[in-house]
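**Q** task: produce atomic coordinates for the following.
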Amino acid sequence: MINVFHIVSNKTWGGAERYASDLVARMRHDPDYYVEVVSARNDDIIEQFQKMDIPVSILPLKGIRDFDSPVRLARMLRKGKNIVHVHTYRDAVTAVMARIISDNPDTKVVFTPHTLKRPTMNYVSKKVYRNIDRYVFVSQFAYDYFLSHAPRLNRAQTLVIPESVLNTDTSAQAPVPDLRKQLGMQPEQCLIMFHSRLNKEKGVDVLLKAITHIDRSRYKLVMLGEGQPKAVSRIKSYIIENKLVDNVKLLGFQRNMHGYLWQCDFGVQPSTIAEMQGISNLEYMKQGKPIVTTSNGAQPEYVRDMENGLLVKPNNPEQLAQAISTLCDDHELIQRLGRQAKKDFDTHLNYDRFYDKITSLYRSLFSD
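**A** Numbers count the residues shown, from 1 in each chain. Predicted coordinates for the structure are as follows:
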């Protein structure tokens, strides 16, 4: 049996937490693995894992100046075959120090970066990077970016495993309303959906500007997610000032996200920053929904313009409005793109494929 410890230290739920959550949810049913989460003290995040009956150990996880966490983690790593899977550089420091303290050659460190952040290349970080056994990148774009800033990194330590999303049993989750009925929609109107953090980086401002150029009798836009209070207040003010109250609905964070996604005609994720992968896009594809998204990151690796979705330039509300209008005008196009999106997800991006590659990697670390 291999013991797998996922370190999760962020203060808010995001891509890294979703990645770890899906992986431990799947792995806890695999008899070849024991899985545990190591978290900073954050009640909201801890609760998410405890609901899945995943053991959670709480450590300070404060980075390079935190000597308590590596010592305590090392006690968990003294015996057996262990993998510490980390998702930030800060946690990689903790994992590497713990592995050294544990003095167990059968403890390995795996690092999956989730943000487009230039790696620090000072003396300490170089030593940390050399002590990471494998780097797993969620896209070719993420790989190319990281390696362009760390040219001396041993390529044999790196690989690309495209990220996926786990199939979710929505029957056990809270029921969701019939959105078309709740919003009083006509059959010919498009139900458009955005789900992500409500901030500028995810393109919320661009999206709201874009829809002001679209005939308001043709659509309803539902926005799922949370943001900083000031950002949400600014969004609400924009909606009121531009007379979009009847067309745009902010529903906040919803746990049964899939129960909402399947109801939309298509999704819009106009991120203004380069996405390492774009997990929200994959969720629409899994549901058989086309996605309108930006071309400034890994998105073109799986979204093909006018084949399974639409690609637009970032920070371009006029082009985004045109893409949305194209779909609103052509329901047959929506269906065709959605069918291809589902096919592409099932063939190339499904979770079984991802899980097989991750577990193959884990096993290979003890056969080198």
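**Q** sheet partners, orientation included, of whatever helix or strand residue 38 lives in?
**A** Assigned by DSSP states H and E, residue 38 belongs to strand 33-39. Sheet pairing for strand 33-39, assigned by DSSP bridges, gives strand 2-8 (parallel), strand 56-58 (parallel).
**Q** list of residues touching it?
**A** Outside strand 33-39, the residues within contact range by Cβ atoms under 8 Å, 6 or more residues apart in numbering are 1-9, 20, 24, 27-28, 45-46, 49, 54-59, 61, 73, 76, 359, 362. For the C-beta atoms, the positions are set from N, CA and C on the backbone; glycine is no exception.
**Q** quick one, helices of this protein?
**A** Using DSSP state H, the helices of the chain run over residues 15-27, 43-50, 68-76, 89-102, 123-130, 140-149, 179-182, 204-211, 229-241, 257-261, 279-286, 317-328, 331-344, 351-364.
**Q** mind telling me which of those helices the model trusts least?
**A** Within the helices of the chain, the stretch with the lowest mean pLDDT is helix 43-50, showing a mean of 85.
**Q** of all the strands paired with strand 33-39, which one comes closest to residue 338?
**A** Closest to residue 338 of the strands paired with strand 33-39, according to Cβ to Cβ: strand 2-8, at 33.1 Å.
**Q** before we move on, back to that, pick the most deeply packed of the helices of the chain.
**A** helix 279-286 (a mean of 25; mean count of other Cβ atoms under 10 Å).
**Q** quick check: pLDDT value at the residue lying closest to residue 163 once chain neighbours are set aside.
**A** Closest residue to residue 163 in three dimensions, ignoring its sequence neighbours and counting by Cβ to Cβ, 6 or more residues apart in numbering: residue 138, at 3.9 Å. Predicted confidence (pLDDT) for residue 138: 96.
**Q** and residue 166, which of the strands paired with strand 33-39 is closest to it?
**A** That would be strand 2-8 among those, by Cβ to Cβ, at 14.2 Å.
**Q** give me the contacts around that closest one.
**A** Contact partners of strand 2-8, identified using Cβ under 8 Å, 6+ apart, comprise 16-17, 20, 23-24, 27, 32-40, 45, 49, 61, 73, 76-77, 80-87, 91, 94-95, 362-363, 366.
**Q** can I get that strand in CSV, CA atoms only?
**A** The C-alpha coordinates for strand 2-8 follow below in CSV (Å, rounded to 0.1, in the frame of the first residue of the first chain):
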residue,chain,number,x,y,z
ILE,A,2,1.1,3.5,-0.8
ASN,A,3,0.3,6.4,1.6
VAL,A,4,-0.6,9.6,-0.2
PHE,A,5,-0.7,12.9,1.7
HIS,A,6,-2.1,15.9,-0.1
ILE,A,7,-1.0,19.2,1.5
VAL,A,8,-3.7,21.9,1.1
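**Q** what angle sits between that strand and helix 68-76?
**A** Per axes from the mean of the first three to the mean of the last three Cα atoms, to 10 degrees, the angle that strand 2-8 makes with helix 68-76 is 160 degrees.
**Q** so strand 2-8 versus helix 89-102, what angle?
**A** Strand 2-8 runs at 140 degrees relative to helix 89-102, counting by the same axes, to 10 degrees.
**Q** from the middle of its chain, how far away would strand 2-8 be?
**A** Its chain's average C-alpha position is 19 Å from that of strand 2-8, according to Cα atoms, centre = their mean, to the nearest Å.
**Q** again with stretch 311-324
**A** So, by Cα atoms, centre = their mean, the centroid of stretch 311-324 is 22 Å from its chain's centroid.
**Q** outside of it, which residues touch it?
**A** When contacts are defined by Cβ under 8 Å, 6+ apart, stretch 311-324 is touched by residues 192, 203, 206-207, 209-211, 213-214, 219, 268, 270-273, 292-296, 299-300, 303, 305, 310.
**Q** among those, name the buried ones.
**A** For these, a neighbour count by 16 or more other Cβ atoms under 10 Å gives the buried set as 192, 203, 206-207, 209-211, 214, 219, 268, 270-273, 292-294, 296, 299, 303, 310.
**Q** grab the nearest non-local neighbour of residue 59.
**A** Residue nearest to residue 59 in three dimensions, not counting chain neighbours: residue 69, with 4.3 Å by Cβ to Cβ, 6+ apart.
**Q** now do residue 79
**A** In space, residue 79 is closest to residue 104, 7.0 Å off (Cβ to Cβ, 6+ apart).
**Q** ok, now residue 71?
**A** Spatial nearest neighbour of residue 71, chain neighbours left out: residue 101 (6.2 Å); criterion: Cβ to Cβ, 6+ apart.
**Q** tell me the contacts of the one you found?
**A** By Cβ under 8 Å, 6+ apart, residue 101 lies in contact with 70, 71, 74.
**Q** any idea how far residue 59 is from the second one?
**A** Pointing back at residue 71 there. Note on residue 71: its distance to residue 59, by Cβ to Cβ, to the nearest Å, is 10 Å.
**Q** ditto for the first one
**A** The spacing between residue 70 and residue 59, counted by Cβ to Cβ, is 9 Å.
**Q** now do the shared contacts for these two.
**A** Listed as contacting both residue 70 and residue 59 by Cβ under 8 Å, 6+ apart are residue 94.
**Q** and the strands paired with strand 33-39, which is most packed in?
**A** With neighbours taken as mean count of other Cβ under 10 Å, those reach their highest mean count in strand 2-8, at a mean of 24.
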